[in-house]
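[1] Predicted model and sequence follow; I will ask about them next.
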Amino acid sequence: MWIERILLIALTAAMLTACSKSPPPGLPGYVEAEYTRLASPTAGRLVALKVAKGMDVAVGTPLFILDQDQENAAIAEANARLKHQDATAADLAKGKRREEIAVLAAQEKQAEAQLALSESDLKRQRALATSGFISGASLDSLEARQRADAAKLAEIRANLQVARLAARQDTRTAAEADIATARAVLTQNEIRRDQKAVSAPASGRIDDTLYREGEWVPAGSPIVSMLMPGALKLRFFVPQDALPKYAIGTRIRAHCDGCGEPFGARISYIAKSAEFNPPVIYSQENRARMVFMVEALPDNPGRLSPGLPVDILTGATP
């Protein structure tokens, strides 16, 4: 009787051992995430952190703001310089002021009156000269005065015409170049200011925040880490003898605890060299020591989390 009991116990133990050593459903792997780390290219003090760990954000959601006092002051200075250059260009396009033109117009009227007087005197003296009542020398003097008055009037009229003209084209071109320079400086300062206020480039989840408000952040140092859509992938390791079954673009099926039915994925990367010690392997079996790392993009990553163990089911299909 006791022999039968021993045999029954041994058989039960053998069955339990066989069950515990049953092969896994497929290749072991895990969910890997590629995080997007957002930073400002300019250093500054963190004055506002708008998000926290675990938050779901939409595209355009403000994430953080660095101190912008220096950039705002530079923008104000650039705006003032631009207004100055605009005013200078406008002044060059107008010519002289109305008051200056009015002075020249008055001088023109005075010169016209003086010329009219000298011409009248010359006409009268010429009539007297034909009768012999005036000498030739006096007539020559009157003619010289008339020519001088005519020349003076011509000079004033030329000055008045020039006063109504805008500045020379070269001067106006230089003024326009100064305006363009001022606008470019203003744009540069606005870009620097905007680079200190960073928003979410896409919808996703905040994985981590790396600085606190009030801390100094070096240029280019990440402040927020985000998990973007499509950033999750399956990573598993294929023994070298099974590698021919897998190729980039091949569709596979995977399973994870609590995920329900197996889900599809497409292989996106295969390592070119073998690894002998995979960094993570969720299996109690001793696998072949030479394996190749393979990555696949899941069709529906919404139910997956970074680090989640998965089983890559056999039977990969193109």
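    Structure's in. What do you need? Numbers count the residues shown, from 1 in each chain.

[2] any idea which helix or strand comes after the helix or strand bottoming out on mean pLDDT in the chain?
    Ranked by mean pLDDT, DSSP states H and E, the weakest helix or strand in the chain is helix 2-20, scoring a mean of 38. Sequence-wise, the next helix or strand downstream of helix 2-20 (DSSP states H and E) is strand 26-33.

[3] other SSEs contacting the helix or strand following that next one?
    Using DSSP H and E, the helix or strand that follows strand 26-33 in sequence is strand 36-38. Helices and strands touching strand 36-38, by 3 or more CB pairs under 8 Å, 6 or more residues apart in numbering; DSSP states H and E, are strand 224-227. From N, CA and C alone the C-beta is placed, and that goes for glycine too.

[4] so how far is the strand it packs on off the chain centroid?
    Once both centres are worked out by CA atoms, centre = their mean, to the nearest Å, strand 224-227 turns out to sit 19 Å from its chain's centre.

[5] Direction included, what does that strand pair up with?
    strand 36-38 (antiparallel), strand 204-209 (antiparallel) (DSSP bridges).

[6] Export those strands to CSV and append columns for mean neighbour count.
    Below are these laid out as CSV (neighbours: other CB atoms under 10 Å):
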stretch, mean neighbour count
strand 36-38, 16
strand 204-209, 18
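
[7] Strands of the stretch 1-150 of the chain, start to end?
    26-33, 36-38, 44-49, 56-57, 62-66 (DSSP state E, counting those that start in this stretch).

[8] Can you point out the buried residues in the longest helix along the chain?
    The longest helix of the chain (DSSP state H) is helix 98-130. Applying a neighbour-count criterion of 16 or more other CB atoms under 10 Å, the buried positions in helix 98-130 are 104, 107-108, 111, 114-115, 118, 122, 125.

[9] which strands and helices sit next to it?
    Using 3+ CB pairs under 8 Å, 6+ apart, helix 98-130 sits against helix 136-164.

[10] C-terminal to the helix it packs on, what's the next element?
    Taking DSSP H and E, what comes next after helix 136-164 is helix 169-195.

[11] Tell me what angle that following helix forms with strand 62-66.
    Using axes from the mean of the first three to the mean of the last three CA atoms, to 10 degrees, the inter-axis angle of helix 169-195 relative to strand 62-66 is 110 degrees.

[12] State the next helix or strand along the chain beyond helix 169-195.
    strand 197-199.

[13] Report the distance from that next one to the chain centre.
    Distance, centroid of strand 197-199 to centroid of chain: 11 Å (CA atoms, centre = their mean).

[14] Each with direction, which strands does that strand pair with?
    Sheet partners by DSSP bridges: for strand 197-199, these are strand 62-66 (antiparallel).

[15] quick one, the strand it pairs with and strand 44-49 angle?
    Going by the same axes, to 10 degrees, strand 62-66 makes 140 degrees with strand 44-49.

[16] Make residue 1 into 610 and carry on from there
    Understood, numbering begins at 610; the last thing we discussed is strand 671-675.

[17] Output strand 671-675 as PDB - backbone C-alpha positions only.
    Coordinates of each C-alpha in strand 671-675 appear next as PDB, following Å, rounded to 0.1, in the frame of the first residue of the first chain:
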ATOM      1  CA  PRO A 671       2.000  75.600 -22.700                       C
ATOM      2  CA  LEU A 672       4.700  73.600 -20.900                       C
ATOM      3  CA  PHE A 673       7.100  76.000 -19.300                       C
ATOM      4  CA  ILE A 674       8.400  79.600 -19.500                       C
ATOM      5  CA  LEU A 675      11.800  81.000 -18.700                       C
END
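
[18] got the contact list for that strand?
    Contacts to strand 671-675, defined as CB atoms under 8 Å, 6 or more residues apart in numbering, come from residues 647, 649, 651-660, 666, 805-809, 826, 832-833.

[19] could you give me the average pLDDT of it?
    Averaging pLDDT along strand 671-675 gives 96.

[20] go on, stretch 811-820?
    Mean predicted lDDT for stretch 811-820 stands at 93.

[21] what's that stretch in contact with?
    642, 644-645, 655, 658, 660-668, 826, 830-838, 840.
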